[in-house]
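Engineer: how would this look folded up:
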Amino acid sequence: MSVTIRVPQETHAQLRRLAASRKQPIGEVVAAAVERLEEEEFWNQVTADFERLRADPEDWASYMKEHREWDVTLLDGLEDESWEAQ
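Structural biologist: Residues are numbered from 1 along each chain as shown. All right, here's what the predicted structure looks like:
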């Protein structure tokens, strides 16, 4: 299903140029742009959440303590395993 959206003429021209250079339909270019914006928004939120966490020394210390506890489980006995193809 497709829908029509209104964009300024300059934006449409930019989309046409991008679509031509990528050899893709305009819809795919728009979809890729939206996906990129969502990813950017996700990482911006992650950054903001960490900033809030770091702003509270008690919460940050608690987070770092838990992080150190989990860090020692990364290989938890697996260092003795052979990882070469059998």
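
Engineer: any idea how many residues pack against residue 58?
Structural biologist: When neighbours are counted by other C-beta atoms under 10 Å, residue 58 registers 7. No exception for glycine: its C-beta is placed from N, CA and C like everyone else's.

Engineer: which stretch of helix or strand covers it?
Structural biologist: Assessed by DSSP states H and E, residue 58 sits inside helix 57-71.

Engineer: so where's this protein uncertain?
Structural biologist: The chain contains residues with pLDDT under 70 at 75-83, 85-86.

Engineer: residue nearest the middle of it, spatially speaking?
Structural biologist: The residue lying closest to the centre of the chain (C-alpha atoms, centre = their mean) is residue 39, at 4.0 Å.

Engineer: could you check how many residues crowd around residue 28?
Structural biologist: 13.

Engineer: could you measure it against residue 72, distance?
Structural biologist: 45 Å (C-beta to C-beta, to the nearest Å).

Engineer: again with residue 19
Structural biologist: For residue 19 relative to residue 72 (C-beta to C-beta), the value is 50 Å.

Engineer: who has more neighbours out of those two?
Structural biologist: More crowded of residue 19 and residue 72, by other C-beta under 10 Å: residue 19, with 16 against 8.

Engineer: what kind of secondary structure is residue 5 in?
Structural biologist: coil (DSSP: H, G, I helix; E, B strand; the rest coil).

Engineer: for the helix ranked longest in the chain, buried residues please.
Structural biologist: The longest helix of the chain (DSSP state H) is helix 26-55. Of the residues in helix 26-55, those buried by neighbour count under the rule 16 or more other C-beta atoms under 10 Å are 29, 30.

Engineer: now for that helix, which elements pack on it?
Structural biologist: Contacts defined by 3 or more C-beta pairs under 8 Å, 6 or more residues apart in numbering; DSSP states H and E place helix 26-55 against helix 9-22, helix 57-71.

Engineer: could you dump these to JSON lines with distance to residue 43?
Structural biologist: Below are those laid out as JSON lines (distance: least, C-beta to C-beta, whole Å):
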{"stretch": "helix 9-22", "distance to residue 43": "23"}
{"stretch": "helix 57-71", "distance to residue 43": "18"}
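
Engineer: residue 2: which of these is closest?
Structural biologist: helix 9-22 (14.5 Å; C-beta to C-beta).
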